[in-house]
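> Compute the structure for the input listed below.
(2 chains)
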There are 2 protein chains.
Amino acid sequence: MNLPEDLRRQIEAIAADSRSGALGLLKRGAEVLLELLLRGAGRETVQEAAHILMAAQPSMAPLIKLGWTIGRAAEEGLEEEDLLERTRQFLREAESAPRLIAEAAAPLLQQRRVLTLSFSSAVIEALRAGTPLEVLCAESRPLCEGVDTARALASRGIKVRLGVDALIIGRVKEVDLVVVGADAVTVRGVVNKVGTYPLAVMAQREGKPFYVLAGAEKVLPPELEGFFRIEGKPSKEVAQVEGVEVENLYFDVTPLDLITAIVTPAGIFPPEEALFAL
Amino acid sequence: MNLPEDLRRQIEAIAADSRSGALGLLKRGAEVLLELLLRGAGRETVQEAAHILMAAQPSMAPLIKLGWTIGRAAEEGLEEEDLLERTRQFLREAESAPRLIAEAAAPLLQQRRVLTLSFSSAVIEALRAGTPLEVLCAESRPLCEGVDTARALASRGIKVRLGVDALIIGRVKEVDLVVVGADAVTVRGVVNKVGTYPLAVMAQREGKPFYVLAGAEKVLPPELEGFFRIEGKPSKEVAQVEGVEVENLYFDVTPLDLITAIVTPAGIFPPEEALFAL
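This next block holds a predicted model:
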């Protein structure tokens, strides 16, 4: 059985979707694989679909990791029943990651002054589970998701200060530690909202711990690094100036040596170890 | 003769002005002193006016420097005629500073890739006078004066790339050097648009020269440091979120040890030297 046309089109729709978040796309990718398995497709068709999924959204690590995990399992000869379960398990783990990460990270945050930027479900859950003294939050241009983070924390009674990215990055010396989420963890470094790299450089200068919160679905082992790519976004979100090239990238890459530890549902790892353990 | 009421009110108007730039305020401050001298006020009245001017705008180094320079000259017993000339000279030097700085800085910029942020007349003139290969320009939140810089450079045919602050700060490794203006130079460091400090930290990490362009009117010797203060700006320029304290400061302070040199109309100085030479 070749990849049925309707499911191929579903993957193409996933590839063309520039609005949904990583978890939403992951769910839809998993649904394609599950449907394929429920229709009794053979392992080769599953491998084919998994491979196309890996290339569908080069900035979405969870989709790459799902395709790789299930494609490899199919290649290794797992039965359809086990592939079904493995796919469901991948999705379950990704969905429960923020809660488990929050539990692991909460003790690091108690009675501390914390700095973060952008929006991360794991970071917000961790800050709600911990009891930080105060959170400094960078707005995170261009889309200012940091404002949503500030709102979410304040609504839970957490003391929050918000400012432009350049201001908050300069304030690392006033906090006890920095904590951010991740869009991907690769051998090149942690991919996260643009500004994370300067923030980590400042944390190193000030001698402050820099924690990254990431589920296993974000961690791309060395052989997957080549599938991941940071894509350019519309320049008009930043500015439009005649004769000026306006660059707009949502993400930057923070070298692993600037990161104190990666907090995952499976525990707290030195950055390099996370790449091989998860 | 005590300070006449109309001139006292002019100084109060200068103090209350939150819209004019440093050079505009400097001109109006100088006019008060010139008018006072033309009316034949004694040195004590000039000293009084100079002292009030020094406190009028704690974020405007040129006004502090003018008050100090003329007040000290009056205290030292300079004749009215010489005080008039000294005041006019201060103003002339401040007005011609960007052009002279540009001449001194231009050779540093030839055929180089340059990174800057915010808006500085001296930086723009220097980039026009030099022939950089390319300029990376940070937008400089909250008011995005970097967009004006990009526009001004592009209109002169200079190749410009613009991006959000967090992106451009992370790009220091792609350029040959960083150049920024200054709002003040004090013993605590160079005061400039917020983001300058993280930019300098990144430049140090990447081993790139970091030049500050500043006229003598911006340089505050150690005894003047206490007069200078960075004032908070309206938080609504950044964001308004219920229960969240939004901080808005236009400036940060970059320690002198992160700065390669200060380019002034009088030449290029190591940072510490500029404090005593200008």
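
> And the strands in the stretch 101-250 of chain A, which stretches?
Using DSSP state E, counting those that start in this stretch, the strands found in the stretch 101-250 of chain A span residues A:113-117, A:134-138, A:160-163, A:177-180, A:184-186, A:189-193, A:210-213, A:245-246.

> Show me the strands paired with the third one, marking each as parallel or antiparallel.
Think strand A:160-163. Its sheet considered, strand A:160-163 pairs with strand A:134-138 (parallel), strand B:245-246 (parallel) by DSSP bridges.

> Only alpha carbons, please: show the first one as CSV.
Read it as strand A:134-138. Output in CSV follows, covering the C-alpha atoms of strand A:134-138 (Å, rounded to 0.1, in the frame of the first residue of the first chain):
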residue,chain,number,x,y,z
GLU,A,134,9.6,38.1,41.3
VAL,A,135,9.8,37.5,37.5
LEU,A,136,11.4,39.9,35.1
CYS,A,137,9.9,39.3,31.7
ALA,A,138,11.1,40.5,28.3
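
> can you state the direction angle for that strand and strand A:113-117?
Computed by axes from the mean of the first three to the mean of the last three CA atoms, to 10 degrees, the angle separating strand A:134-138 from strand A:113-117 equals 20 degrees.

> tell me which residues in strand A:134-138 are buried?
Judged by neighbour count using 16 or more other CB atoms under 10 Å in any protein chain shown, the buried positions of strand A:134-138 are A:134-138. For the C-beta atoms, the positions are set from N, CA and C on the backbone; glycine is no exception.

> who wins for proximity to B:E5 among the strands paired with strand A:160-163?
strand B:245-246 (39.8 Å; CB to CB).

> Who are the packing partners of the very next helix or strand once past that closest one?
Next helix or strand after strand B:245-246 toward the C-terminus (DSSP states H and E): strand B:251-254. Packed against strand B:251-254 by the contact rule (3 or more CB pairs under 8 Å, 6 or more residues apart in numbering or on different chains; DSSP states H and E) you find strand B:189-193, helix B:196-206.

> Pick the most deeply packed of the ones you listed.
Mean neighbour count (mean count of other CB atoms under 10 Å in any protein chain shown) peaks for strand B:189-193 among the helices and strands packed on strand B:251-254, with a mean of 26.

> Just list what it packs against, helices and strands only.
strand B:177-180, strand B:184-186, strand B:251-254.

> Of all those, which one is nearest B:L23?
Per CB to CB, nearest to B:L23 of the helices and strands packed on strand B:189-193: strand B:184-186, 13.8 Å.

> So what touches that closest one?
B:61, B:190-191, B:212, B:214, B:218-220, B:222, B:224-225, B:228, B:253, B:262, B:271, B:274-275 (CB atoms under 8 Å, 6 or more residues apart in numbering or on different chains).

> And the residue sitting nearest the centre point of chain A, how far from chain B?
Closest to where the C-alpha atoms of chain A average out (CA atoms, centre = their mean) is A:D183, at 2.5 Å. Distance, A:D183 to chain B, by CB to the nearest CB, to the nearest Å: 15 Å.

> My guess is A:A239 contacts B:V164. True?
No: between A:A239 and B:V164 there is no contact under CB atoms under 8 Å: 9.1 Å.

> okay, now the domains of chain A?
Here the domain parsing of chain A from automatic domain parsing is A:5-78, A:97-277.

> moving C-terminal of the helix or strand hosting A:L7, what's the next helix or strand?
Per DSSP H and E: A:L7 is located in helix A:5-16. Per DSSP H and E, the first helix or strand lying C-terminal to helix A:5-16 is helix A:22-38.

> Show residues contacting that next one.
So helix A:22-38 is contacted by A:3-4, A:7, A:10-11, A:13-14, A:17, A:20, A:45-46, A:49-50, A:53, A:56-57, A:60-63, A:66-67, A:70, A:80, A:83-84, A:87-88, A:90-91, A:94-95, A:183, A:217 (CB under 8 Å, 6+ apart).

> I'd like to know which of these are buried.
Buried residues within the contacts of helix A:22-38, counting neighbours by 16+ other CB under 10 Å: A:3-4, A:7, A:10-11, A:14, A:45-46, A:49-50, A:53, A:56-57, A:60-63, A:66-67, A:70, A:80, A:83-84, A:87, A:90-91, A:94, A:183, A:217.

> Spell out which residues of the stretch 1-150 of chain A are next to chain B.
Neighbours of chain B within the stretch 1-150 of chain A, by CB under 8 Å from any CB of the partner chain: A:137-142, A:144, A:147, A:150.

> deepest of the helices and strands packed on strand B:189-193, which one?
strand B:184-186 (a mean of 27).

> what about that strand, average pLDDT?
Averaged across strand B:184-186, pLDDT comes to 97.

> again with stretch A:137-149
97.

> repeat for stretch A:16-29
Here the average pLDDT along stretch A:16-29 is 94.

> buried residues in the helix or strand bottoming out on mean pLDDT in chain A?
For chain A, counting by mean pLDDT, DSSP states H and E, helix A:271-277 ranks last in confidence among helices and strands (a mean of 92). Neighbour-count burial for helix A:271-277, with 16+ other CB under 10 Å as criterion, is recorded at A:271, A:274-275.

> Out of those residues, which is nearest to chain B?
Using CB to the nearest CB, A:P271 is the member of the buried residues of helix A:271-277 that lies nearest chain B, at 18.0 Å.

> got the contact list for A:V180?
A:116-118, A:120, A:123, A:190, A:192-193, A:196, A:199, A:210-213.

> would you list those in a markdown table and tack on pLDDT?
Listed next are the contacts of A:V180 as a markdown table, based on pLDDT from 0 to 100:
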| residue | pLDDT |
| --- | --- |
| A:T116 | 98 |
| A:L117 | 97 |
| A:S118 | 97 |
| A:S120 | 96 |
| A:V123 | 97 |
| A:V190 | 98 |
| A:N192 | 97 |
| A:K193 | 97 |
| A:T196 | 98 |
| A:L199 | 98 |
| A:F210 | 98 |
| A:Y211 | 98 |
| A:V212 | 98 |
| A:L213 | 98 |
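
> returning to what we had before: now what about the helix holding A:L7, what contacts it?
With CB under 8 Å, 6+ apart, helix A:5-16 has contacts from A:25, A:28-29, A:31-32, A:35-36, A:49, A:52-53, A:55-57, A:63.

> Could you list the alpha-carbon positions for it in CSV?
What follows is helix A:5-16, C-alpha atoms only, in CSV (Å, rounded to 0.1, in the frame of the first residue of the first chain):
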residue,chain,number,x,y,z
GLU,A,5,-3.8,10.5,-1.5
ASP,A,6,-6.0,11.9,1.3
LEU,A,7,-3.3,11.4,3.9
ARG,A,8,-0.7,12.8,1.6
ARG,A,9,-2.8,15.9,1.2
GLN,A,10,-3.1,16.1,5.0
ILE,A,11,0.7,16.1,5.3
GLU,A,12,0.8,18.8,2.6
ALA,A,13,-1.7,20.9,4.6
ILE,A,14,0.6,20.5,7.7
ALA,A,15,3.5,21.7,5.6
ALA,A,16,1.6,24.7,4.4
